[in-house]
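# Coordinates for the following, if possible.
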Amino acid sequence: MSRYCTRCGTELTAMDRFCRRCGEAVTGRPVYTELVRVKQKSSHVPLILGAILIASISLLMTGVAVYRQFFAMPGYERPIRLMAEGIEEKNGEKFLEAFSDIYEGIDELTDDDMDSWAEVKDEINNSLIDSCTYEIKNVSDINMDSIDSDIIRVLKVFGGSEWADGIQEAKELDVVFTFRYMNGKTETSDHAWTAIKSNKKWYTLE
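Numbering: from 1, shown residues only. You can find the predicted model right below:
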């Protein structure tokens with residue numbers, strides 16, 4: 001079994017009494033094997049790995065916090081995004097999700113209501129708009145007590161009583177839509193939308 005100088009680590013022979021490199025006396029000194037040397041060299045590895053893991057977790061948490069603060073879309077923006085994407089993708093179903101998840105098959109809807117939904121869907125599906133972008137200019141809170149009976153009636157019609165009664169928050173959004181048509185023409189629309197939060201989702205009203 002090999003042994004090494006305890007001072008400089010030079011490999012020694014069985015006959016060596018002094019280290020050939022540094023002159024350290026060998027007699028009476030502890031014998032260090034290869035296994036001991038490996039253990040000595042690797043004793044700090046777990047500590048280093050632990051430090052790297054902690055640093056990585058810290059960076060990840062910081063990144064998530066920064067993303068939520070500066071890049072994540074506010075919940076009330078959901079219906080506006082759905083309308084814009086629905087228009088650009090010519091997807092009437094997605095466009096109507098901005099207003100309700102269950103706009104079809106509701107008993108309270110009249111034939112005229114259903115025809116109106118169908119007309120909107122067809123108009124979006126066959127739109128000549130090539131792209132649609134938006135900018136929310138201003139956001140203001142709406143006092144829940146000020147939501148008038150007409151809005152509650154609309155919510156009950158399109159989402160049911162439980163949906164209307166579960167309104168948790170309401171905001172008014174000043175939104176500017178920019179439409180670019182296939183012929184290159186550009187048009188803007190500035191409109192105030194009422195956004196309501198019900199059952200943890202945001203919707204908008206006409």
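# Would you confirm that S127 belongs to a helix?
No - secondary structure of S127 (DSSP: H, G, I helix; E, B strand; the rest coil): coil, not part of a helix.
# could you list every residue that touches the residue nearest to it when sequence neighbours are not counted?
Excluding the flanking residues, the one nearest S127 by CB to CB, 6 or more residues apart in numbering is K90, at 5.6 Å. No exception for glycine: its C-beta is placed from N, CA and C like everyone else's. Counting by CB atoms under 8 Å, 6 or more residues apart in numbering, K90 touches I124, N125, N126, S127.
# how about S58, secondary structure?
Assigned by three-state DSSP, the conformation of S58 is helix.
# So among the contacts of K90, which ones count as buried?
With neighbours counted by 16 or more other CB atoms under 10 Å, the contacts of K90 contain buried members at I124, S127.
# Can you lay out the contacts of K90 as TSV showing distance to I196?
As requested, those are exported to TSV (distance: CB to CB, whole Å):
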residue	distance to I196
I124	22
N125	26
N126	29
S127	26
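# mind listing what's buried in the helix or strand where K94 lies?
Assigning secondary structure by DSSP states H and E places K94 in helix 92-96. Under the neighbour-count criterion of 16+ other CB under 10 Å, helix 92-96 has G92, K94, F95, L96 buried.
# ok, now stretch 183-201?
For stretch 183-201, burial by neighbour count (16+ other CB under 10 Å) applies to W193, T194, A195, I196, K197, S198.
# Same question for stretch 76-91.
Buried-residue list, stretch 76-91, by 16+ other CB under 10 Å: Y76, E77, R78, P79, I80, L82, M83, A84, G86, I87, E88, N91.
# could the residues you listed be laid out in TSV, adding secondary structure?
Below are the buried residues of stretch 76-91 laid out as TSV (three-state DSSP):
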residue	secondary structure
Y76	helix
E77	helix
R78	helix
P79	helix
I80	helix
L82	helix
M83	helix
A84	helix
G86	helix
I87	helix
E88	helix
N91	coil
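# Out of these, which is nearest to I48?
E77 (44.0 Å; CB to CB).
# Apart from its neighbours in sequence, what residue is nearest the closest one?
Of all residues not flanking E77 in the chain, I136 sits nearest, at 6.5 Å (CB to CB, 6+ apart).
# Across the sheet, point out what pairs with the one you found.
Per DSSP bridges, the residues bridged to I136 are V175.
# number of nearby residues for it?
When neighbours are defined as other CB atoms under 10 Å, I136 has 15 of them.
# Pull out the buried residues from the helix or strand where Y134 lies.
Assigned by DSSP H and E, Y134 belongs to strand 129-141. Residues of strand 129-141 classed as buried by neighbour count (16+ other CB under 10 Å): I129, C132, Y134.
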